[in-house]
Every structure is written in C-alpha cells, then in structure tokens.
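Undergrad: Here is a sequence together with a model predicted from it:
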2 protein chains.
Amino acid sequence: MTPRRIETLALPGIPLVQPGDDLCDLILSALGRADVTLRRDDVIVVAQKIVSKAEGRYATLGDITPSAEAVALGAEVDKDPRLIELILGESTRVVRQRPGLLIVEHRLGFVLANAGIDASNVEPTNGDERVLLLPQDPDRSCKQLRAAIAGITGTTPAVIINDSIGRAWRYGTVGTAIGVSGLRSLLDLRGDKDLFGRELRVSTVGLADELAATASVVQGEGAEGTPVALIRGFAPEAEDGTVGELLRGENEDLFR
Amino acid sequence: MTPRRIETLALPGIPLVQPGDDLCDLILSALGRADVTLRRDDVIVVAQKIVSKAEGRYATLGDITPSAEAVALGAEVDKDPRLIELILGESTRVVRQRPGLLIVEHRLGFVLANAGIDASNVEPTNGDERVLLLPQDPDRSCKQLRAAIAGITGTTPAVIINDSIGRAWRYGTVGTAIGVSGLRSLLDLRGDKDLFGRELRVSTVGLADELAATASVVQGEGAEGTPVALIRGFAPEAEDGTVGELLRGENEDLFR
C-alpha cells in the first residue's frame, strides 16, 4: 500500500479566486490545461487561501469593534486589537503569546498562529484592510469538492486542504492538512511488524500531513499563483477520514 | 524557483545495511536497477536507520550499566533503565516525560522521543537486544554521501537524511530532516511580496522538512525495505545549508 512512485504537479492557470467561485470548475479547467485526466489514485491538494476566498471568509477590520479583552491582548502582543478580536472569535484558547506572536487553539482543534487569519494575497478594497479566516468546516469543504469532482468526471480523487503552519521546535512553516476527504489522515501501523517480525516503533503516521507537505513543495507561498497541486500515484487504503484524526486531545498533548 | 512538478521514487532493492557498508554504492546500484541516471535537480533522501546502521551506531543493552538517574527516570516513564541511560547520553535535557513517553532535546538540537533511539528493523544478535542511535553528525554524513556520489557520477544531487518524528499538537509522525547537504533547509521569503505587492505572511518555509515528508510517503515505515527515495525536479537555489537552520534556539522556542 505504500506507493513506489508519486508525481506532484502544480496545476497551471488558476485565476484569482472570488467569493462564490466554483473551485471544482477552476480545478477541472486547470487539469484540462495541464492535459491531465483524473485518476482514482490522485490526491487534489488545495491551499486554504482559495477555499476561504471561494467561501467568502473575509472580514474587514474597519467593521470590527474590539472587546476590552482584545484591546488588552493586542497591547500585550503588539497586534491590531481588531485582528485580535477576530482571532479570539475563532479560537478556544490562547496557547502562547509574546510581543509579535499569538498562538491559539483554533475552534477546529488546530494549534497555530493568529488562528490562521491573514491578509497576504487578499485583495484590498477601497483602502480598507480585509483579512481571511480559515474555512468554516474544511473537512466538509473537501467532501463537497470531492463529490463535485466525482459528479462531473466520474472519478473520485482524495481531497486535502492544506495551510502553511509553524511548528513547536523548528523554524519554517510546513504544508499541513486542515481538511481531508477520501483518505485516512492517520495511518495506523499498530500491530504491523518490522523486517524482523517485531512491532514497529513508529505506530502512527500523519499521512495527510505528509501529502500536504508534498503539495506545498510545488504550490509555493507567494506570487506563484499555484494554489492547487495534484499528487498522482497515491491510492488510499480507506476512503473515510477526517483531519480530526490528526489532532491530539487536550489530555494527549503535553505542549499546550 | 518553486518547481512546477516533482517526482518521488522509492529506490528498489536496497539490501539490509551492515556496519561499514558503503551507502553510496548501495544507492548507485539501486539507481541503476531503477534505470535512473542522476540529475542536478535530484534530491536523495536517506532514512536515518540505514545511515546509523552503516555507521555502526549500535548499542547493546546488555552492555549498559544504568546510572541512578537513569534507574529513577526509567521507573517514572516505565522504560528499560539501560535504554534511558543511552537516551540521556544522547540528550541535553528532558523536555517532557510521563509513563510510556520520554521527549528530550537531542545533543544535535532535535526535540524528539527517546533521542531517536530505537530497536525496530534492527537485527537481534544472540538474543541480546540491540538498539540504534542517530548518526553522530547527520549533516556531515549527508555531505560525505553527496561528495561520494558526485565523485563517481559527476552529478551532485542534494542529500537529506530523514526520520519519522512526532509533533507537539498532532498525532502521527512525519518524515523530518535530521541532516542536509546541497540545499538551504529554510527558505527565507522575508521581503518577498504577495500577489498584491504586500509582504508575505509566511516568511520562512521548512523546505528540507517538506522534502523529507515527501520522501516518507514512498519510503514507508515498516517492512517495505525502501529506505531511500529520489525526488526529481527540485533545483535548490543555494547549495549550502545545514539542518541547524531549522532548529529554534531556546530563546525562540516557547514549547520546551
């Protein structure tokens, strides 16, 4: 079941995404331009940013009235209190803070800076600063996109939404899954044997995160304009799965 | 510089590695079997396990006399005190502990469980349990392997040693770089602009870790016997780099 060869391709010509855009259409058009016919062993990896844009997850800072809590925290971490208000609204708690840095637990369970809210690659409107929140329910977004693709093409690839997320002990973001459909996110090897018939040390693999990182190599971060990647050659063992499989519960997590 | 397409291939037929084996020979033979001629835009990713084996980084638990500290910690975390002795010897400090779990800062700066020491895929000898430590200096191992490959083939790929390492807030290990040669580990985008000419939110990318995760998808964890992957299509911007670029210093790390 471990593939021998995978190919990872940035889909060309994805336009700037607007609220209400149909990502399925955009992706199928890009596949057509790349002369790629979808296969069952394809994984479509979509950057969080364009999913959030299509779903209209914008907020305009000028519309936000920060609470006293947001004003106080904003002063502590040296960030716009209106942005803090949005971050707190998307979060269940602050995990770590210091000037310039605010790491929270997102309501979806992810631990990440600023609740994933950001302004880069977001079009300004009338000089009023807009920011973009994570999708409301990224697993659902994946499921819907997967069903839409299957409905039109007759082929059902797996779908991952990824975002560039920082790590505890290492510099640099890594492409990480925030939504999954069509594959098991966590590969469970408990009970599997090593080359000598013994239990494996590594018992679970964050497979959706490894695929999310793979896609990130070709998606880039900046002005490439390539927010969708196709990974070919990965045939999932099981088609059910959610990103929640990857999230440590509070009791299992020693680093909150 | 972001590639549009990469291909990732598990090299076939790598035999069980023994101390003193020449990894360069084994890899070039495997490339020959796969009918692959090395290119400048190739990255060779080698699993930690076979580098440690080739370098003879074994320890035999029967040879270890645990210190009082190791005995006490072993009782607390419910692990063999001889293994604890080895873990402490490879570590600068204990980061977190609880029964069944010991996370340390390795002398090389990595934060990981059991200092990366493990017994899976290690051949037993005369019933005496052997374990395998991380390579002495994985960056040096990469550099030497890279030079050896260049010396024989005339082509100089980048080389990464990867290991399956757990994360703070997520279940499942992810392939992670522990040694690097021939590419910048951390991609620095500070000063780069987004699609609208603004500073990027993501300022540094853990590129060597993304490539290490990519390789892991085809390497697997168990009895696949495919510890070496070739990533084709990634042309590094700069050839100098170490894994140390990825490691947060104590003052930059809020999670120790």
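TA: Nice, thanks for sending it over. Numbers count the residues shown, from 1 in each chain, chains lettered A, B, ... in the order given.

Undergrad: so what secondary structure elements neighbour the worst-scoring helix or strand of chain A on mean pLDDT?
TA: For chain A, the helix or strand with the lowest mean confidence is strand A:187-188, at a mean of 90 (criterion: mean pLDDT, DSSP states H and E). Using 3 or more C-beta pairs under 8 Å, 6 or more residues apart in numbering or on different chains; DSSP states H and E as the contact definition, the elements that strand A:187-188 packs against are strand A:204-205. C-beta coordinates here come from the backbone N, C-alpha and C atoms, glycine included.

Undergrad: Okay, now the unreliable bits of chain A?
TA: Chain A contains residues with pLDDT under 70 at A:120-127, A:195, A:198-202, A:222-223.

Undergrad: tell me the centre residue of it?
TA: Residue closest to the average C-alpha location in chain A (C-alpha atoms, centre = their mean): A:N162, at 2.6 Å.

Undergrad: Nearest residue to the closest residue to chain B within the stretch 1-150 of chain A in space, please, no chain neighbours.
TA: Relative to chain B, the nearest point of the stretch 1-150 of chain A is A:T2 (3.6 Å; C-beta to the nearest C-beta). What sits nearest to A:T2 in space, not counting adjacent residues and going by C-beta to C-beta, 6 or more residues apart in numbering or on different chains, is B:G220, at 3.6 Å.

Undergrad: The one you found: neighbour count?
TA: By the criterion of other C-beta atoms under 10 Å in any protein chain shown, B:G220 has 24 neighbours.

Undergrad: check contacts around it.
TA: The neighbourhood of B:G220, defined by C-beta atoms under 8 Å, 6 or more residues apart in numbering or on different chains, consists of A:T2, B:A10, B:T226.

Undergrad: likewise A:T156?
TA: For A:T156, the contacting residues are A:R40, A:R146, A:I149, A:A150, A:G182, A:E239, taking C-beta under 8 Å, 6+ apart as the criterion.

Undergrad: Max pairwise distance over the residues you listed: which two?
TA: Using C-beta to C-beta, the contacts of A:T156 span at most 13.7 Å, a distance reached by A:I149 and A:E239.

Undergrad: ok, back up a step: drop anything exposed from the contacts of A:T156.
TA: The neighbour-count test (16 or more other C-beta atoms under 10 Å in any protein chain shown) marks A:R146, A:I149, A:G182 as buried among those.

Undergrad: Tell me who's in contact with the second one.
TA: The one in question is A:I149. Counting by C-beta under 8 Å, 6+ apart, the residues that A:I149 touches are A:C24, A:I27, A:L28, A:L38, A:I44, A:T155, A:T156, A:P157, A:V159.

Undergrad: Could you rerun that using 10 Å?
TA: Applying C-beta atoms under 10 Å, 6 or more residues apart in numbering or on different chains to A:I149 gives the contacts A:23-24, A:27-28, A:31, A:38, A:42, A:44, A:155-157, A:159, A:182.

Undergrad: Just to be sure, it is in a helix?
TA: Yes - the assignment for A:I149 (DSSP: H, G, I helix; E, B strand; the rest coil) places it in a helix.

Undergrad: Any buried residues in stretch A:47-58, and which?
TA: Of the residues in stretch A:47-58, A:A47, A:Q48, A:K49, A:I50, A:V51, A:S52, A:K53, A:A54, A:E55, A:R57 count as buried by neighbour count, 16+ other C-beta under 10 Å.

Undergrad: and the second one, what is it in contact with?
TA: I take that to be A:Q48. Taking C-beta under 10 Å, 6+ apart as the definition of contact, the neighbours of A:Q48 are A:57, A:116, A:118, A:132-135, A:138, A:141, A:161-165, A:175-179, A:227.

Undergrad: 7 Å instead?
TA: Contacts for A:Q48 were tallied using C-beta atoms under 7 Å, 6 or more residues apart in numbering or on different chains; they are A:G116, A:L134, A:P135, A:I161, A:N162, A:D163, A:I178.

Undergrad: so where does the fifth one fall, helix or strand?
TA: Right, A:N162. Secondary-structure element containing A:N162, defined by DSSP states H and E: strand A:158-165.

Undergrad: Next secondary structure element downstream of that strand?
TA: As assigned by DSSP H and E, the chain's next helix or strand after strand A:158-165 is strand A:174-181.

Undergrad: Can you show me the CA trace of that following strand as CSV?
TA: Coordinates of each C-alpha in strand A:174-181 appear next as CSV, following Å, rounded to 0.1, in the frame of the first residue of the first chain:
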residue,chain,number,x,y,z
VAL,A,174,5.3,23.2,6.6
GLY,A,175,2.3,22.4,4.5
THR,A,176,-0.2,20.8,6.9
ALA,A,177,-3.6,19.3,6.4
ILE,A,178,-6.6,21.3,7.7
GLY,A,179,-9.3,19.4,5.8
VAL,A,180,-9.4,15.8,4.4
SER,A,181,-11.8,13.7,2.4
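
Undergrad: can you tell if it touches chain B?
TA: Yes - shown here: strand A:174-181 in contact with chain B (C-beta under 7 Å from any C-beta of the partner chain) through A:V174, A:G175.

Undergrad: Stretch A:88-98 too?
TA: Yes - using C-beta under 7 Å from any C-beta, stretch A:88-98 reaches chain B at A:R96.

Undergrad: quick one: furthest residue from the center of chain A?
TA: Outermost residue of chain A with respect to the C-alpha centroid, by C-alpha atoms, centre = their mean, is A:F196; its distance is 37.4 Å.
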